[in-house]
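# Please find the sequence and the predicted model below.
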Amino acid sequence: MADALWILVANASRAKLFATDERAERWDLREEFQHEESRMPSRELMGQFDNPNAGTLHKPQPENEPDARHQLEHERFARELAQRLERGLNDHAYDRLVIAAPPEFLGRLRKMISRRVHQRLMLDMRADYVNVPERELPERIPLS
């Protein structure tokens with residue numbers, strides 16, 4: 001698609017990926033993502049000890065700190081989304097990118113995306129629009 005634009009609307013547990021062209025008249029939902037672990041209560045997360053990436057030699061195990069385990073899951077989801085954006089760029093699926101996410105998660109995403117993806121980023125917004133009806137998103141996210 002010539003001059004294709006992707007719009008990622010995300011928070012720490014859900015995301016929607018839209019595609020449009022330079023006129024942005026119609027947004028097509030390409031993919032939806034869910035990261036259930038980010039939504040789990042701390043007591044349930046703390047019971048999951050089979051995580052090979054939990055903790056390091058220099059830091060306490062996240063299983064022992066409820067908030068730290070949630071942060072780990074948020075990072076995992078940000079990494080998953082960043083990898084999807086990288087694949088899309090490798091497949092020439094988009095030329096420009098817009099991301100809307102709450103400030104903390106937007107910061108995580110920005111750290112995870114590659115330099116190549118970052119160069120395609122034309123706008124990032126600090127807002128959680130995941131639950132906004134799709135028909136209202138074009139009004140909230142300015143593309144021109």
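Alright, I've got the coordinates. Numbering: from 1, shown residues only.
# Could you point out the helix or strand that follows the helix or strand bottoming out on mean pLDDT in the chain?
Every helix and strand of the chain was ranked by mean pLDDT, DSSP states H and E. The lowest is helix 42-46, at a mean of 50. Where DSSP states H and E defines the elements, the next helix or strand beyond helix 42-46 is helix 66-90.
# Report all helices and strands that that following helix contacts.
strand 5-10, strand 14-20, strand 28-34, helix 42-46, helix 103-112, helix 115-120 (3 or more CB pairs under 8 Å, 6 or more residues apart in numbering; DSSP states H and E). C-beta: built from backbone N, CA, C; applies to glycine.
# For that helix, what is the distance to the chain centroid?
Helix 66-90 has its C-alpha centroid displaced from the chain centroid by 7 Å (CA atoms, centre = their mean, to the nearest Å).
# quick one: strands adjacent to the helix or strand just after that helix?
Where DSSP H and E defines the elements, the next helix or strand beyond helix 66-90 is strand 96-101. Strand pairing for strand 96-101, determined by DSSP bridges: strand 5-10 (parallel), strand 121-126 (parallel).
# Check which element follows the last one along the chain.
This means strand 121-126. helix 137-140.
# Count the neighbours of the residue lying closest to residue 35 once chain neighbours are set aside for me.
Of all residues not flanking residue 35 in the chain, residue 77 sits nearest, at 3.9 Å (CB to CB, 6 or more residues apart in numbering). Residues lying near residue 77 (other CB atoms under 10 Å) number 25.
# Isn't residue 77 up against residue 12?
Yes: assessed by CB atoms under 8 Å, residue 77 is found in contact with residue 12 at 6.3 Å.
# ok, now how distant is residue 144 from residue 19?
Here residue 144 is placed at a distance of 17 Å from residue 19 (CB to CB, to the nearest Å).
# helix/strand/coil for residue 3?
With DSSP: H, G, I helix; E, B strand; the rest coil as the basis, residue 3 sits in coil.
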